[in-house]
Structures are given as structure tokens and as C-alpha cells.
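[1] model the following, please.
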Amino acid sequence: MNTDTQYSERKVSWYGWQLFLADCAALALLVTGYASEPLFFLGLGLFGLGAPSLHFHHGETKKAVVVGLLRILGPFAVLKFAYAIELFGASRSGSSETAWLGTFFFDLPVMAVTGFFVAITDWALAVRELEVSSIEGEGSEADRADA
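    Residues are numbered from 1 along each chain as shown. Predicted coordinates:
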């Protein structure tokens, strides 16, 4: 008679802190990127691809794809929607001499706020379930020989 009882339990692991660190590095590169254009684009790339690559690393392929699309397309989609409904009187009409004002005071803040909310959501959902198998009650030598 075998008295071995095998069970498995689920453990939950949160790796959002890794995403947070990647986003902090991306933000630092974006802020310093005003002085150096390559750093700015490196920061954009890190924001868009850093978290998805961490999700892939943790075996969360579906999250990686969804988060990648949200981080890359989300801010642009919200900005497009804001112009479509003319949020706060936003419009692309006007002289090209004042176009930078719209970019600086409207486009960048809208994209930054959207990116922030996407990142917060991503950090909250950075949970991975691990299955841990264990054997309890190994029984006697005679029981193991019978098995």
C-alpha cells in the first residue's frame, strides 16, 4: 500500500518592481533626452519594449503582447481621440510658427499621462502563478517496495 500523497499548490509571484525600475530608467532617459536626441529615443524604446520583454522573460506571453501594444499604441490612440473630439479646444489648425506650442502644452502631457496610466496598470497586473509540486507522507520502505 502506498501512502504517498502528492499535491500541488499555486504560489503567486509579483514582478511589478522590475517593470517599475525599467520605467524609471525610461523616464530618466526621456527627461535627459531633451539635451540629447538619441537618449530620448532610447527612452521611448525602453518604455515601449522594456516591460513586454520582462513579461516574456517571466513566461507571460499574452501579457507581453497586450502590454506592448498598449504601451506603443495607447498614447497615440488617446491623442488621436483627443483631437477628434477637440478636447480642450485642441486643433491642428493654425500657423506652423505656433505649432510647437500645441505639441509642448498638449501633445506631450496627454501622451505622458496616458503612458503613466498604462504603466500603473501594467505594474498592478505583473503577477505570475507558479505551480509547486510536493510529496507528503513518504510511507515506509515496504510501501515503497510494493509500488
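[2] could the C-alpha coordinates of stretch 121-129 be exported in PDB?
    Extracted C-alpha coordinates of stretch 121-129, given in PDB (Å, rounded to 0.1, in the frame of the first residue of the first chain):
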ATOM      1  CA  THR A 121      -2.000  49.200 -14.900                       C
ATOM      2  CA  ASP A 122       1.000  47.000 -16.100                       C
ATOM      3  CA  TRP A 123       2.600  47.100 -12.700                       C
ATOM      4  CA  ALA A 124      -0.600  46.000 -11.000                       C
ATOM      5  CA  LEU A 125      -1.100  43.100 -13.400                       C
ATOM      6  CA  ALA A 126       2.500  41.800 -13.100                       C
ATOM      7  CA  VAL A 127       1.500  38.700 -11.300                       C
ATOM      8  CA  ARG A 128       2.800  35.200 -12.200                       C
ATOM      9  CA  GLU A 129       1.300  32.000 -10.800                       C
END
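[3] so what secondary structure elements neighbour the host helix or strand of Val65?
    Element membership of Val65 [criterion: DSSP states H and E] is helix 61-84. Judged by 3 or more CB pairs under 8 Å, 6 or more residues apart in numbering; DSSP states H and E, helix 61-84 is in contact with helix 37-57, helix 108-124. C-betas here are computed from N, CA, C, even on glycine.
[4] in that helix, what's buried?
    Residues of helix 61-84 classed as buried: 63-64, 67-68, 70-72, 74-75, 78-79, 82-83 (neighbour count, 16 or more other CB atoms under 10 Å).
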